[in-house]
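In: my questions concern the predicted model and sequence given below.
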Amino acid sequence: MRHFTGVKDIGDLHQALQEALEIKKDRYKFVELGRNRTLLMVFFNSSLRTRLSTQKAGLNLGMNVIVLDVNQGAWKLETERGVIMDGDKSEHLLEAVPVMGCYCDVIGVRSFARFESRKDDYEEKILNQFIQYSGRPVFSMEAATGHPLQSFADWITIEEHKTVERPKVVLSWAPHPKALPQAVPNSFAEWMVAAGYEVVITHPEGYELDSRFTKGARIEYDQMKAFEGAHFIYAKNWSVASPDNYGKVISMDRGWTVSDRQMAVTDNAFFMHCLPVRRNMIVTDDVIESPRSLVIPEAANREISATVVIKKILEGLQGQ
Ligand code: AN0
Ligand code: CP
């Protein structure tokens, strides 16, 4: 594997799952693979899980790890070409990215949707500049339109907990006071369809996700109907994805907050969320604290998904 930005890059999904389970049994099995290799993790946005689990993954593989928080201590970066740089930005991404590439072998990038331009976000302008100009393999630690390390971890978690071959997995929109990206729901839909599950997406009208991620999933506007007989409920807020109102919050309807009322019509479903989560907006205390809540196992599996992905990238670098 050279770069990792979506499900298409992982290759055979079931082989990737086997590798994940193998690493879970012995996470230091490939500790020699990363010897004298350096992982650089670049954050344009905040993180708890991705920062810790990806760093741990690098250490599992014997790598040296450097973390750069672009907004804390680095020069403010311009990202648009052609701008007369007479404002507050001291350096251009077009120099900064190849410089970062000089000090490492593999780069992880977190760069959320900015909601300034749907076109720029959906073209993954920042992530692609790293791919184009760093000279290094690049993997997404949540970019503008996807969070594949999260979905890979979510998929491992479902495989570990499912009791039927083809579970019904429901992705439910839930309310949130601020505009959040579509990256997590986009990737989750894409991975769940690729895994071959029955996938239902439920949200208020106006919150349709981009069809290039949801192809193969059923859309159901009635949340209670969507939850009927479900085996896994995955809650997440996202802002409007369509060109009109892109990045806007058009509903804060707390009737969509996942509670015992909706969970009661499922087939004793597990509750999932990528975290961080706002309690009693996205999900009630009772549901997230119940024995059916998988939020901590999902977070734990982030170490595993990141170890598999970086291992595959390191294997691609062997002999170079
Ligand atoms: C981010 C999001 O919704 O994309 C990160 C989730 C992993 N969440 C927030 O900004 C609260
Ligand atoms: N789930 C997730 O990516 O969490 P962080 O934003 O804390 O990294």
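Out: Sure, I can see it. Ligands and ions are numbered 1, 2, ... in the order given.

In: most remote residue from the middle of the chain, which is it?
Out: Relative to the centre of the chain, the most outlying C-alpha is that of residue 86, 35.0 Å out, by Cα atoms, centre = their mean.

In: relative to residue 117, how far out is that residue?
Out: From residue 86 across to residue 117, the span is 22 Å (Cβ to Cβ, to the nearest Å). C-beta here means a position set from N, CA and C on the backbone, and glycine is covered the same way.

In: about what we covered before: so is the residue farthest from the centre of the chain in a helix, a strand, or just coil?
Out: Three-state assignment for residue 86 (DSSP: H, G, I helix; E, B strand; the rest coil): coil.

In: would you say residue 247 is within a helix?
Out: No: assessed with three-state DSSP, residue 247 is coil; it does not lie in a helix.

In: thinking again about what came up before, measure the residue farthest from the centre of the chain to ligand 2 for me?
Out: 34 Å (Cβ to the nearest ligand atom, to the nearest Å).

In: residues touching that residue, list them.
Out: By Cβ atoms under 8 Å, 6 or more residues apart in numbering, the contact set of residue 86 is empty.

In: what are the phi and psi angles of it?
Out: Listed backbone geometry of residue 86 is phi -110, psi 20, with angles given as degrees, to the nearest 10.

In: ditto for residue 199
Out: Per-residue torsions, residue 199: phi -120, psi 120 (degrees, to the nearest 10).

In: try the one 4 residues further on
Out: Listed backbone geometry of residue 203 is phi -160, psi 160, with angles given as degrees, to the nearest 10.

In: isn't it right up against residue 174?
Out: No: contact status for residue 203 versus residue 174: not in contact, 9.1 Å apart, counting by Cβ atoms under 8 Å.

In: for ligand 1, what are the nearby residues on the chain?
Out: Where the chain comes near ligand 1, counting by Cβ under 6 Å from any ligand atom, the residues are 142, 180, 181, 183, 184, 274, 276.

In: near the fifth one, how many other residues are there?
Out: Burial of residue 184 is recorded as 22 neighbouring residues (other Cβ atoms under 10 Å).

In: where does residue 20 land in three-state SS?
Out: Classification of residue 20 using three-state DSSP returns helix.

In: no wait, residue 201
Out: strand.

In: for the residue nearest to it when sequence neighbours are not counted, list each beta-bridge partner.
Out: Once flanking residues are discounted, residue 201 sits nearest to residue 171: 4.7 Å by Cβ to Cβ, 6 or more residues apart in numbering. Beta bridges link residue 171 to residue 201, residue 234, judged by DSSP bridges.

In: residue 171 reaches residue 190, doesn't it?
Out: No: counting by Cβ under 8 Å, residue 171 stays clear of residue 190, with 10.8 Å between them.

In: what residues are up against the residue in the stretch 201-320 of the chain positioned nearest to ligand 2?
Out: In the stretch 201-320 of the chain, no residue comes nearer to ligand 2 than residue 274, which is 4.0 Å away by Cβ to the nearest ligand atom. Under the criterion of Cβ under 8 Å, 6+ apart, the contact partners of residue 274 comprise 49, 147, 150, 154, 184, 236, 298.

In: list buried residues within the residues you listed.
Out: When the contacts of residue 274 are checked for burial by 16 or more other Cβ atoms under 10 Å, the buried set is 49, 147, 150, 154, 184, 236, 298.

In: which one of those residues sits closest to residue 111?
Out: Compare each of these with residue 111 using Cβ to Cβ and the shortest gap goes to residue 147, at 11.3 Å.

In: what pLDDT does the model give that closest one?
Out: As summarised for this prediction, residue 147 has a pLDDT of 98.

In: likewise the one 5 residues further on?
Out: Residue 152 is assigned 98 on the pLDDT scale.

In: what of residue 26?
Out: With respect to pLDDT, residue 26 scores 98.

In: state the number of residues packed around it.
Out: A count of nearby residues for residue 26, using other Cβ under 10 Å, gives 10.

In: also residue 39?
Out: Counted with other Cβ under 10 Å, the neighbours of residue 39 add up to 26.

In: kindly report the same for residue 256.
Out: By the criterion of other Cβ under 10 Å, residue 256 has 22 neighbours.

In: can you check residue 267 too?
Out: Using other Cβ under 10 Å, residue 267 has 14 other residues around it.

In: quick one: which helix or strand includes the residue nearest to it when sequence neighbours are not counted?
Out: Take residue 267 and drop its neighbours on the chain: the residue closest to it by Cβ to Cβ, 6+ apart is residue 229, 5.0 Å away. Take DSSP states H and E as the rule and residue 229 turns out to sit in neither a helix nor a strand.

In: pretty sure residue 229 contacts residue 168?
Out: Yes: proximity of residue 229 to residue 168 meets the contact threshold set by Cβ under 8 Å, at 5.9 Å.

In: what about the two, which has more around it?
Out: Residue environment comparison for residue 229 versus residue 168 gives the larger neighbour count to residue 168, 20 against 13, counting by other Cβ under 10 Å.
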